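K.L.:
Structural data only, the sequence is not supplied:
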């Protein structure tokens, strides 16, 4: 068993540089007392849950759970049925999950938790899934305007960490929380490792990134040849991407990029001329946008 797992999880073996807080040690008492030390950052939540269930482990998988959050942890993380009276008083809808993932070591946990709650209004609960991953349960405020990029920059400066977020979709009833939490966790676990350069995701786009995550490399390489003539022109690609993100609205995209509308229109026409792909047509626009996102992740 040890040899098979060692081979299967070769990509996730811990090294001398792996922080102790990120390690997961599997014990094999019937196999010459051997142990297998893995880097949890390179494992999905589902893999960690399975390994800790099947094997005796040593793992600093999470920070201490606040007493008022114990039943929530047992429900969302371990899948145990929650007490009905607790569920009724959970959070007034609409609510949502805000998932986060950290690279680095948090030395001041209490200060970090306080900072997070101050930056995300109406957060009621914070649960640690591991020492590098957690989820916020938030009552969605009426003025729902999050400056996620600013939050990420502030946390990086104050705590010397890299952090990414996934802002989940609204939930109208606490009874739907468990199903939504699991689904969003699955999506986030997949895309955050593939799209390492992207520091935050919204529920409106996460499925798109999830589908892109499953595009075979052979297919990506074949299709990417369509953009060979323009991929080295970063300004052009950025302009086209912005144009597509603005629903092919030239005026809106130009305003967002602080340029004249005619300049952006020229770049769109240049892209069409060089690639022979008419991105003013929805089907072509969608295909090109997905391809740009996938190539940027490489």
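P.N.:
Structure received. Owing to the predicted nature of the structure, the values given are computational and were not obtained by experimental measurement.
K.L.:
C-alpha only now, for contacts and for neighbours.
P.N.:
OK.
K.L.:
What is the subsequent helix or strand relative to the helix or strand of the chain with the lowest mean pLDDT?
P.N.:
Least confident helix or strand, the chain: strand 56-59 with a mean of 55, by mean pLDDT, DSSP states H and E. Downstream of strand 56-59, the next assigned helix or strand under DSSP states H and E is helix 70-76.
K.L.:
any idea how far that following helix is from the chain center?
P.N.:
22 Å (CA atoms, centre = their mean, to the nearest Å).
K.L.:
Show residues contacting it.
P.N.:
65, 80, 81, 82, 83, 127, 178, 181, 182 (CA atoms under 8 Å, 6 or more residues apart in numbering).
K.L.:
Just the pLDDT at the third one, thanks.
P.N.:
Pointing back at residue 81 there. pLDDT, residue 81: 88.
K.L.:
before we move on, back to that, is it possible to export the contacts of helix 70-76 to a markdown table including neighbour count and distance to residue 5?
P.N.:
Output for the contacts of helix 70-76, formatted as a markdown table (neighbours: other CA atoms under 10 Å; distance: CA to CA, whole Å):
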| residue | neighbour count | distance to residue 5 |
| --- | --- | --- |
| 65 | 14 | 30 |
| 80 | 12 | 28 |
| 81 | 13 | 32 |
| 82 | 14 | 34 |
| 83 | 11 | 38 |
| 127 | 22 | 29 |
| 178 | 16 | 30 |
| 181 | 20 | 29 |
| 182 | 15 | 25 |
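K.L.:
can you give me the helices for this protein?
P.N.:
Using DSSP state H, the helices of the chain run over residues 2-8, 45-54, 70-76, 84-88, 109-119, 148-159, 177-194, 203-213, 217-224, 234-245, 250-256, 261-275, 282-296.
K.L.:
Return the distance of the fifth one from the chain's centre.
P.N.:
Using CA atoms, centre = their mean, we find the averaged C-alpha position of helix 109-119 to lie 20 Å away from the chain's own average C-alpha position.
K.L.:
Please work out how many residues are found near residue 252.
P.N.:
16 (other CA atoms under 10 Å).
K.L.:
Please apply the same query to the one 10 residues further on.
P.N.:
The number of residues packed around residue 262, counting by other CA under 10 Å, is 12.
K.L.:
repeat for residue 26
P.N.:
Neighbours around residue 26, by other CA under 10 Å: 21.
K.L.:
I'd say it and residue 37 touch.
P.N.:
Yes: Residue 26 lies in contact with residue 37 (CA atoms under 8 Å); the separation is 6.3 Å.
K.L.:
Any figure for the gap between residue 254 and residue 248?
P.N.:
Distance check for residue 254 against residue 248: by CA to CA, to the nearest Å, it reads 11 Å.
K.L.:
Read off the pLDDT value for residue 115.
P.N.:
94.
K.L.:
got a list of what residue 246 touches?
P.N.:
Here residue 246 is in contact with 252, 253 (criterion: CA under 8 Å, 6+ apart).
K.L.:
Tell me the pLDDT of it.
P.N.:
If you check residue 246, the pLDDT there is 93.
K.L.:
How about residue 143?
P.N.:
Value for residue 143, per-residue pLDDT: 67.
K.L.:
repeat for the one 5 residues further on
P.N.:
Residue 148 is assigned a pLDDT of 91 by the prediction.
K.L.:
I'd say it and residue 200 touch.
P.N.:
Yes: using CA under 8 Å, residue 148 is in contact with residue 200, at 7.3 Å.
K.L.:
shared neighbours, these two?
P.N.:
With CA under 8 Å, 6+ apart, residue 148 and residue 200 have no common neighbours.
K.L.:
which residue sits closest to residue 6, ignoring its sequence neighbours?
P.N.:
Distances taken as CA to CA, 6 or more residues apart in numbering put residue 36 closest to residue 6, at 7.2 Å, once the chain neighbours are dropped.
K.L.:
burial measure for residue 283, as a count.
P.N.:
By other CA under 10 Å, neighbour count at residue 283 equals 10.
K.L.:
before we move on, what about residue 217?
P.N.:
Neighbour number of residue 217 under other CA under 10 Å is 10.
K.L.:
do the same with residue 71
P.N.:
Close neighbours of residue 71, defined as other CA under 10 Å, add up to 19.
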